[in-house]
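[1] 3D model of this:
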Amino acid sequence: MQIQKSYQTDGEKGTLYVVPTPIGNLEDITIRALKVLEDANAVLAEDTRNTGKLLHHFELKKKMISYHEHNKMARQDQILELLNNGQNLALVSDAGMPGISDPGYEVVQAAIQAELPVVVLPGANAALSALVGSGLPTDHFYFYGFLPRKKKDRDQALQLLQSIDTTFILYESPHRIEDTIKILEESLGDRQVAIARELTKRYEEYIRGTIPEIADWIPGHTIKGECCIVVEGIKDNPDKNWWIELTLKDHVKKVMELEEYSSKEAIKSVAKERNVPKREVYSAYHME
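    This next block holds a predicted model:
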């Protein structure tokens, strides 16, 4: 167990500040974020060119250290050494909150384990903006981020998302949005969805409707800018998991009766519905 105060007063060790940056509109940066960036000994930047433009806009001249997906582990020892030597560091991503579908989690964890102070500033975040603007329920929600690229991993993720009964949020790039919506249509069917793009920018846009409606609409339109996809959770279904109190064997028999399936077809159906290996259902059905 660890109880750690975020702020040090002895000045012997530096602080790692996690600083959200605007997701589009530069006026969304906070006064506190600007002060932390100004006072930091160095800025840990996902892309130094992108962060350089932000710092230049606010007339801040700061030392930058690249910290991104491909070098984050190699940089970690250097960052911890700087913090241990009393350097205050500001961690930023290209846009929004570091650590949310962006590098950050690992160095925050390493600093905590090294008993170094970590201070997280509140600020811009695309997922929450899209969620509230979607018009879908916000009392509970699930953030997933980018779907995996590999089909096997993506199918596993979709299997999880199919069963979630709260609004959930995905991120997607503009050149993959059409394929992703088609995949969601195949997996989730007729649910409400909102695509939020170019958030906080001049051409901010929300595209709202059912998944099939948007799947039909997208091919004739150009989608630019990073997208947030906000999807309705599974609707209440009184027949969902009707088999919950049945044994595997009885479940197979019931499916054979209701659907007029062969035992082979019923075993396959039960395995899919319960998300268990087909061989497990087969063994249960043929057990004496």
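[2] What confidence value was assigned to D236?
    We have a pLDDT of 65 for D236.
[3] swap that for D239, sorry
    pLDDT for D239: 61.
[4] How is the closest residue to L161 other than its chain neighbours assigned, secondary-structure-wise?
    Among residues not flanking L161 along the chain, F168 sits closest, at 6.0 Å (C-beta to C-beta, 6 or more residues apart in numbering). (Glycine included, C-beta is placed from N, CA and C.) Look at F168: counting by DSSP: H, G, I helix; E, B strand; the rest coil, its state is strand.
[5] dump the residue contacts of F168.
    141-144, 161, 230-231, 233 (C-beta atoms under 8 Å, 6 or more residues apart in numbering).
[6] List the beta-bridge partners for L16.
    Beta-bridge pairing for L16 (DSSP bridges): L89, V118.
[7] hang on, isn't it packed against L89?
    Yes - between L16 and L89 there is a contact at 5.4 Å, judged by C-beta atoms under 8 Å.
[8] Just want to know which of the two has more residues nearby.
    Using other C-beta atoms under 10 Å as the criterion, L16 and L89 rank with L16 on top: 29 against 25.
[9] How confident is the prediction for the more buried one, by pLDDT?
    pLDDT at L16 comes out at 97.
[10] D139 now?
    Confidence score, pLDDT, at D139: 94.
[11] Let me see the contact set for it.
    Per C-beta under 8 Å, 6+ apart, neighbours of D139: none.
[12] Equivalent analysis for the one 5 residues further on, please.
    Under the criterion of C-beta under 8 Å, 6+ apart, the contact list for Y144 reads 157, 161, 168-170.
[13] for it, helix, strand, or coil?
    Criterion first, three-state DSSP; result for Y144: strand.
[14] Look up how far A111 lies from it.
    Y144 sits 26 Å away from A111, going by C-beta to C-beta, to the nearest Å.
[15] OK, contacts around N71?
    By C-beta under 8 Å, 6+ apart, the contact list for N71 is empty.
[16] Try it again at 10 Å.
    65, 103 (C-beta atoms under 10 Å, 6 or more residues apart in numbering).
[17] now C227
    Applying C-beta under 10 Å, 6+ apart to C227 gives the contacts 126, 130, 170-174, 176-177, 180-181, 195-199, 205, 207.
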